[in-house]
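Peer 1: okay, sequence plus prediction incoming.
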Amino acid sequence: QVQLVESGGGLVQAGGSLRLSCADSGRTFSSNHMGWFRQAPGKEREFVAVITWNGDSAYYADFVKGRFTISRDNAKSTMYLQMNSLKFEDTAVYYCAASTGGVYYMAGSYDYWGQGTQVTVSS
């Protein structure tokens, strides 16, 4: 069973940094591709980044390239999202998700979700 818990959100000024974590208490973390999504008020959930099961490859949405870095530590069953140069428009609830199938960009293709963590960037 996959159980995902995000942490690390909070309030930060524009230009600042945050690191989000996603911990999986299940036993299959190292087998799953893992992704980050976000959802701002009144908007649809959107893809942020995804990392393959072994961490060898990562893919990003254009709007975070060069600013966000996704990583994982399979020994700790934890995934991370390092967010630098934050902008007001990065304000959203950030969700982590697990895919037992392929590497996907669509939220509907993921099998398991965390409860989300709020990131608020003040301008």
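Peer 2: Structure's in. What do you need? Numbering: from 1, shown residues only.
Peer 1: so what are the sheet partners of the helix or strand hosting Q82 and their directions?
Peer 2: Here Q82 sits within strand 78-83, counting by DSSP states H and E. For strand 78-83, sheet partners with direction are given as strand 18-24 (antiparallel), strand 68-73 (antiparallel), following DSSP bridges.
Peer 1: helix/strand/coil for the spatially most central residue of the chain?
Peer 2: The residue lying closest to the centre of the chain (Cα atoms, centre = their mean) is W36, at 2.4 Å. The assignment at W36 comes out as strand when based on DSSP: H, G, I helix; E, B strand; the rest coil.
Peer 1: that older thread, could I get the strands paired with strand 78-83 as TSV with mean pLDDT, mean neighbour count and distance to E6?
Peer 2: Yep, even glycine has a C-beta here, placed from its N, CA and C like the rest. Conversion of these to TSV gives the following (pLDDT from 0 to 100; neighbours: other Cβ atoms under 10 Å; distance: least, Cβ to Cβ, whole Å):
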stretch	mean pLDDT	mean neighbour count	distance to E6
strand 18-24	98	20	5
strand 68-73	98	19	13
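Peer 1: nearest to Y94, of those?
Peer 2: Y94 lies closest to strand 18-24 among these, at 5.8 Å (Cβ to Cβ).
Peer 1: now that closest one, how far from the centre of its chain.
Peer 2: In terms of Cα atoms, centre = their mean, to the nearest Å, the centre of strand 18-24 is set 7 Å apart from its chain centre.
Peer 1: rewinding a little: list the contacts of the closest residue to the residue nearest to the centre of the chain other than its chain neighbours.
Peer 2: In space, W36 comes closest to V48 once its chain neighbours are excluded; the distance is 4.2 Å by Cβ to Cβ, 6 or more residues apart in numbering. Listed by Cβ atoms under 8 Å, 6 or more residues apart in numbering, the contact partners of V48 are G35, W36, F37, R38, Y60, A61, V64, F68, L81, Y94.
Peer 1: and the strand holding Q82, what's buried?
Peer 2: Using 16 or more other Cβ atoms under 10 Å as the burial criterion, the residues of strand 78-83 that qualify are T78, M79, Y80, L81, M83.
Peer 1: and stretch 110-123, by the same measure?
Peer 2: When burial is assessed from 16+ other Cβ under 10 Å, stretch 110-123 yields the following buried residues: Y110, Y112, W113, G114, G116, T117, V119, V121.
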